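1. Coordinates for the following, if possible.
(chains A and B)
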Protein chains: 2
Amino acid sequence: MKFMDVHHGMAGITGDQLKAAHDADLAAQGDEGVRFEQAWADPESGTVYCLSDAPSKEAVQRVHTRTGHPADEIHPVPLHI
Amino acid sequence: MKFMDVHHGMAGITGDQLKAAHDADLAAQGDEGVRFEQAWADPESGTVYCLSDAPSKEAVQRVHTRTGHPADEIHPVPLHI
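-> This is a model prediction of the structure:
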């Protein structure tokens, strides 16, 4: 199942910080069977979106929590184009 | 510039409806220089995310409005992985 998660309060995030967070997720995801695929950030509003393929939203959150940035929203997105 | 837009209130959306909406956007986007790239939907919460490459958020909204589904949020996402 694909999941889109959303982080708020990330105003001013830089490309290096996004990459560091994504790399940390990639390093931690294996134990949970999660595969983070893409990430996008809007530094002005402080919003970050992450797309993953995962067994559950709880698995996505466990990875994000372990790497220090729990998501504010996690939506399963079974439909995608 | 990449943009992530979000539509709320789409509870119960089907795969066919998502494809029809996306196809309408693709047919209408040329005049605005917008290129819709991906779309994801959560029928349960009624949330739809669209990723586009566009000259401005106003251009994204003009296409979505023309095709009958204006976005509730449009965020530039200059950072992406």
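
2. tell me what the longest helix along chain A is packed against?
-> Ranked by number of residues, the top helix in chain A under DSSP state H is helix A:15-28. Other elements packing on helix A:15-28 under the criterion 3 or more Cβ pairs under 8 Å, 6 or more residues apart in numbering or on different chains; DSSP states H and E are strand A:35-42, strand A:47-53, helix A:57-66. Backbone N, C-alpha and C define where each C-beta goes, glycine included.

3. Turn the ones you listed into JSON lines, columns for mean neighbour count, mean pLDDT and distance to residue B:75.
-> What follows is the helices and strands packed on helix A:15-28, written out as JSON lines (neighbours: other Cβ atoms under 10 Å in any protein chain shown; pLDDT from 0 to 100; distance: least, Cβ to Cβ, whole Å):
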{"stretch": "strand A:35-42", "mean neighbour count": "20", "mean pLDDT": "96", "distance to residue B:75": "4"}
{"stretch": "strand A:47-53", "mean neighbour count": "23", "mean pLDDT": "96", "distance to residue B:75": "6"}
{"stretch": "helix A:57-66", "mean neighbour count": "19", "mean pLDDT": "96", "distance to residue B:75": "19"}
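
4. quick one: which of the ones you listed is nearest chain B?
-> Ranking those by proximity to chain B (Cβ to the nearest Cβ) places strand A:35-42 first, at 3.7 Å.

5. Buried residues, the longest helix of chain A. List them.
-> A:18, A:21-22, A:24-25, A:28 (16 or more other Cβ atoms under 10 Å in any protein chain shown).

6. quick one: contacts for residue A:11?
-> Neighbouring residues of residue A:11 by Cβ atoms under 8 Å, 6 or more residues apart in numbering or on different chains: A:43-46.
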